[in-house]
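K.L.:
predicted model and sequence below, questions to follow.
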Amino acid sequence: MSILLWAGVVAATAPWMDPRLPVEQRVNALLPKLNLEELSAQLVAIEGGSPASIIQKYRNTSFGSLSGETIDGHNEIQKAVINGSRWGIPGAFFHESLHGGCGGGTVFPMPLTLGSTFNNTLLEEVYSTIARDTRIGGANIAFSPVINLFTDPRYGRFQEGLSPDPSLTSLYTVSVVKGLQGSVVGVNSSSYIPQDKVASLAKHFVGYGGGAGGLNAARLEAGEREIRDVYLRPWRTFAEAGGKGAMPSHQTVLDVPMHANSYMTNTVFRNQLKWGNGWTISDCNDINVLMQFRVARNISEAAALGIKGGVDQDLQCGRDTYTYENIKAAVDSGLLTIDDVRENVRRVLTMKFSTGLFENPMSDPNATKSLDSPKDRALARQASREGSVLLKNGVLPLKNSDWSKTAVIGWLASSNASSSWEGAYTSGGVPVVTLMDALKNDNVKYSVGATPDSPANDKDIKDAVELVKSSEQTILVVGDSLKTCGEWIDRSNLDLPGGQLELLEAVAPVAKNLIVVVISGRPATFGMENAVLSNVSSLLWIGRPGEEGGNALKEILLGAEPSGRLQASWPKYVGHVHSGAQPFQQPLVGKWVSNQRSKPELDGRVYDNYVSDPFGEARPLFYFGFGLSYSTFKMSSLSLSPFAASDKFLEPVLTVTFDIANTGSVGGSTVGQVYVIDPAGGVVVRPWKRLVGFKKVWLSAGQSTTVHVPITFFELAMSDVDMNYKIQSGTWTVRVGDSSVTDALTATFDV
């Protein structure tokens, strides 16, 4: 008999073992058979532990889900719980899968860099590869994507989000979910997915990233309208695309902890946004933290609040709350009913059936040989190039490729900084290429200069300056390490950390051709008035570029185009955060328009200013959507299709058409960006301007093309004064350009 002994016996007679039946029917057949102890075990998500300890504890009941194990450990656990439990329920396994790196899988750039690609097709291909690698690695759940809007760059987790812009993140979300789960047409959280795909569990619902002061877990300071029209926006598309899972956020929303927030999770997300049977896993120990919030008086009350609040599984990182004993105590005291518990387990079983766990619970150890193939590494390199943003240019691409005349400066360029290139939330095990790794055979001269993790060292800076003086061109690599940007690593200053600003200020005046490369997980600033940038020839941001970052950077330096565009505005100074300068999408301020204390942008946007501010007007240092190319482009011939009303969420109601021509001497890419200005009227104040679509194109020198950008109901709709989600009637303005601040083309349409 097969190793799945009990499952093999059950399969002939039990309806829940029949994969031909709909998921809901299988759940309905199995769910009533589970007793309270077995139900409670399905609500457990385990973070770590040896196979032996997990088997000892859960052999007779099975369990909900478990963090990724080795393939052998995974199979050992599955065999034990399937054969040992009454109903042969397999455990689910999860991996972070934020940007790959699952047990030897390819490490792609971190989401912030992927977010600057403005290439949905590329993102779908990247996350399809991540899904396959995650499944090969033994997991059927990916803790991905992070669709939080980190609207404050002081936040250390800024690098985990695709963009702080609600429209851009929403447009990406559909592509990412399609890559992870497969088709998004006509699917929902109860639909079956292919066996080379995984359940997408998005993080962190909702408003995480908008915490007060840019601090992790701080309360969301937003009213319900802002929550619905900004922070919930990507979650609407996630639900529409059939995303299966979500992790609640650490903080309070509308002053209720998200791990007990039935209104946001059940009423809004599951019912109003039609997420249905989507399942949730808590963040680490956060059901237990309800006692620290002082909304739960004891641990059984915390368990009851979490279960009724819609949190289906308790991610236990040392403080277990969803235990049989605690849940039984809550039921016995009347805080819960067994039907409350069953409702949560229903959603857990829905995930397990829909991902094919009952049919294919084991993992093939031989499949790992296909991980991180040359094809996958080439895709990672492409993603790194397309996510790199050229912010200033005077000397790139390099005309002098004699590397012996080149100085490379900065600890972040070295092999010792590989983790800063790789990024967070990976399992390692793959070669990571830094710039110095890529140049190891090119006879470059190197000096450490400074690190982001320690104060300036006078000797190191002096040595770097001397090397720069004797070089024809200098590549200075600065930015953030994982010690200065990451989870629970929030900063009150956006200037280059450690001794790097002193290094830049020492090198810039003496360098002949200075190329500054920024590796970072957030926008950076460069000292008083950012004046040092006037001595920088070229400035290139590459974010967290992943395992092929060094090779991609070398190619960019020699002529391969960096085709990224900023997914976030960069403030001039940390004191400008949440002024008009950052984030990009903000409601119009009528009094600023009336006062005209600054020169209006082309679209009429104005900024108010701080008194005696040495940084000047509180405009962005670099604008949302901005990025330079090695070529030049012209957009023309804008036309709009007739507006076609529809109540289907992701169905186009308008198509924007325009031409793009490459007017330069080399091939290159540009992004046609489509923005709208809402009609006047309607009582509710709307944003100055908002992104509703884009199209990235590559053109040879002299080539032109016609671009069609469909605009959906979702992109135009917002909440009206009565909180109804609808498209406002009136005259809309469409503006098309290559960034949020350049409006090459303008047209209008009526609704």
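P.N.:
Perfect, thanks for sending it.
K.L.:
for residue 516, what are its contacts?
P.N.:
476, 478, 504, 536, 538, 539, 540 (CB atoms under 8 Å, 6 or more residues apart in numbering). The way it works is simple: take the backbone N, C-alpha and C, and place the C-beta from them, glycine included.
K.L.:
okay, the fifth one and residue 514: tell me how far apart.
P.N.:
When distances are taken as CB to CB, to the nearest Å, residue 538 and residue 514 turn out to be 8 Å apart.
K.L.:
neighbour count winner among those two?
P.N.:
Counted by other CB atoms under 10 Å, residue 538 and residue 514 do not tie: residue 514 has more neighbours, with 25 against 22.
K.L.:
mind listing what's buried in stretch 176-188?
P.N.:
Buried positions in stretch 176-188, judged by neighbour count with 16 or more other CB atoms under 10 Å: 176, 177, 178, 179, 180, 181, 182, 184, 187, 188.
K.L.:
tell me the spacing between the spatially closest residue to the second one that is not a sequence neighbour and residue 726.
P.N.:
Taking CB to CB, 6 or more residues apart in numbering as the measure, residue 177 lies nearest to residue 241, with 4.2 Å between them; neighbours along the chain are not counted. As for residue 241, its distance to residue 726 is 21 Å (criterion: CB to CB).
K.L.:
how about residue 395?
P.N.:
From residue 395 to residue 726 the distance is 51 Å (CB to CB).
K.L.:
of residue 241 and residue 726, who's got more company?
P.N.:
The neighbour count for residue 241 versus residue 726, taken as other CB under 10 Å, is higher for residue 241 (23 against 15).
K.L.:
quick one: low-confidence ranges for the protein?
P.N.:
Scanning the chain with the threshold set as pLDDT under 70 gives 1-12, 400.
K.L.:
who's in contact with the most centrally placed residue in it?
P.N.:
Here the mean C-alpha position of the chain is nearest to the C-alpha of residue 161 (CA atoms, centre = their mean), at a distance of 3.1 Å. By CB under 8 Å, 6+ apart, the contact list for residue 161 reads 111, 112, 115, 146, 147, 148, 149, 150, 169, 209.
K.L.:
residue 398 now?
P.N.:
Residue 398 neighbours (CB under 8 Å, 6+ apart): 473, 557, 558, 559.
K.L.:
what kind of secondary structure is it in?
P.N.:
Per DSSP: H, G, I helix; E, B strand; the rest coil, the secondary structure class of residue 398 is coil.
K.L.:
swap in residue 29?
P.N.:
Assigned by three-state DSSP, the conformation of residue 29 is helix.
K.L.:
that one and residue 14 touch, don't they?
P.N.:
Yes: counting by CB atoms under 8 Å, residue 29 touches residue 14, with 7.1 Å between them.
K.L.:
next step: the contacts of residue 516 restricted to strands.
P.N.:
Judged by DSSP state E, the subset of these located in strands is 476, 478, 538, 539, 540.
K.L.:
return the member of the residues you listed nearest to residue 122.
P.N.:
Distance to residue 122, by CB to CB, is smallest for residue 540 among the ones in strands among the contacts of residue 516, at 19.2 Å.
K.L.:
and that closest one, bridged to which residues?
P.N.:
When bridges are called by DSSP bridges, residue 540 pairs up with residue 390, residue 517.
K.L.:
ok, it - contacts?
P.N.:
Residue 540 neighbours (CB under 8 Å, 6+ apart): 388, 389, 390, 391, 396, 515, 516, 517, 518, 553, 556, 562.
K.L.:
wait, the last one touches residue 556, no?
P.N.:
Spelled out, it's residue 562. Yes: applying CB under 8 Å, one finds residue 562 in contact with residue 556, separated by 4.9 Å.
K.L.:
which neighbours do the two share?
P.N.:
Common contacts of residue 562 and residue 556, defined by CB under 8 Å, 6+ apart, comprise 385, 388, 540.
K.L.:
will you turn these into a markdown table that also has distance to residue 55?
P.N.:
As requested, the shared contacts of residue 562 and residue 556 are arranged in a markdown table below (distance: CB to CB, whole Å):
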| residue | distance to residue 55 |
| --- | --- |
| 385 | 46 |
| 388 | 47 |
| 540 | 51 |
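K.L.:
and which of the residues you listed is nearest residue 229?
P.N.:
Residue 229 has its nearest neighbour among these in residue 388, at 31.5 Å by CB to CB.
K.L.:
which residue packs closest to the residue nearest to the centre of the chain, ignoring adjacent ones?
P.N.:
The shortest distance from residue 161 to any non-neighbouring residue, by CB to CB, 6+ apart, is to residue 150 (4.6 Å).
K.L.:
do residue 411 as well
P.N.:
Per CB to CB, 6+ apart, closest to residue 411 is residue 451, 4.0 Å.
K.L.:
report the contact partners of that neighbour.
P.N.:
With CB under 8 Å, 6+ apart, residue 451 has these contacts: 411, 412, 481, 498, 499, 500.
K.L.:
could you dump the residues you listed into a markdown table and include neighbour count?
P.N.:
Output for the contacts of residue 451, formatted as a markdown table (neighbours: other CB atoms under 10 Å):
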| residue | neighbour count |
| --- | --- |
| 411 | 24 |
| 412 | 29 |
| 481 | 21 |
| 498 | 22 |
| 499 | 23 |
| 500 | 29 |
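K.L.:
out of those, which are inside strands?
P.N.:
Checked against DSSP E, those include nothing in strands.
K.L.:
as JSON lines, the residues you listed with distance to residue 43 would be great.
P.N.:
Converted to JSON lines, the contacts of residue 451 look like this (distance: CB to CB, whole Å):
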{"residue": "411", "distance to residue 43": "46"}
{"residue": "412", "distance to residue 43": "43"}
{"residue": "481", "distance to residue 43": "38"}
{"residue": "498", "distance to residue 43": "44"}
{"residue": "499", "distance to residue 43": "49"}
{"residue": "500", "distance to residue 43": "47"}
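K.L.:
just give me the closest of these to residue 283.
P.N.:
Distance from residue 283 was checked for each of the contacts of residue 451 by CB to CB. The minimum falls on residue 481, at 24.4 Å.
K.L.:
against residue 495, how distant is the closest one?
P.N.:
15 Å.
K.L.:
try residue 275
P.N.:
Counting by CB to CB, the gap from residue 275 to residue 495 is 41 Å.
K.L.:
the more surrounded of the two?
P.N.:
Legend: neighbour count by other CB under 10 Å for residue 275 and residue 495, higher for residue 275 (27 against 16).
K.L.:
wait, the more buried one touches residue 240, no?
P.N.:
No: Residue 275 is beyond contact range of residue 240, at 9.3 Å (criterion: CB under 8 Å).
K.L.:
could you pull out the helices in the stretch 651-751 of the chain for me?
P.N.:
Under the criterion DSSP state H, counting those that start in this stretch, the stretch 651-751 of the chain contains helices at 713-716.
K.L.:
pull out the buried residues from the one helix or strand residue 123 maps to.
P.N.:
Element membership of residue 123, judged by DSSP states H and E, is helix 120-136. Of the residues in helix 120-136, 120, 122-136 count as buried by neighbour count, 16+ other CB under 10 Å.
K.L.:
again, but for stretch 438-455
P.N.:
438, 439, 444, 445, 446, 447, 448, 449, 450, 451, 452, 453.
K.L.:
CA atoms only: put that stretch into CSV for me.
P.N.:
C-alpha atoms of stretch 438-455 as CSV (Å, rounded to 0.1, in the frame of the first residue of the first chain):
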residue,chain,number,x,y,z
ALA,A,438,31.1,41.1,-11.8
LEU,A,439,34.4,43.1,-12.3
LYS,A,440,36.7,40.5,-10.8
ASN,A,441,38.6,39.9,-14.0
ASP,A,442,38.6,43.5,-15.2
ASN,A,443,41.6,45.0,-13.3
VAL,A,444,39.6,47.7,-11.5
LYS,A,445,41.0,49.5,-8.5
TYR,A,446,38.9,49.4,-5.3
SER,A,447,38.8,51.2,-2.0
VAL,A,448,36.2,50.6,0.7
GLY,A,449,35.7,54.3,1.5
ALA,A,450,32.9,53.9,4.0
THR,A,451,30.1,51.5,5.1
PRO,A,452,26.5,52.2,5.8
ASP,A,453,26.8,50.4,9.2
SER,A,454,29.5,52.4,11.0
PRO,A,455,30.7,56.0,11.3
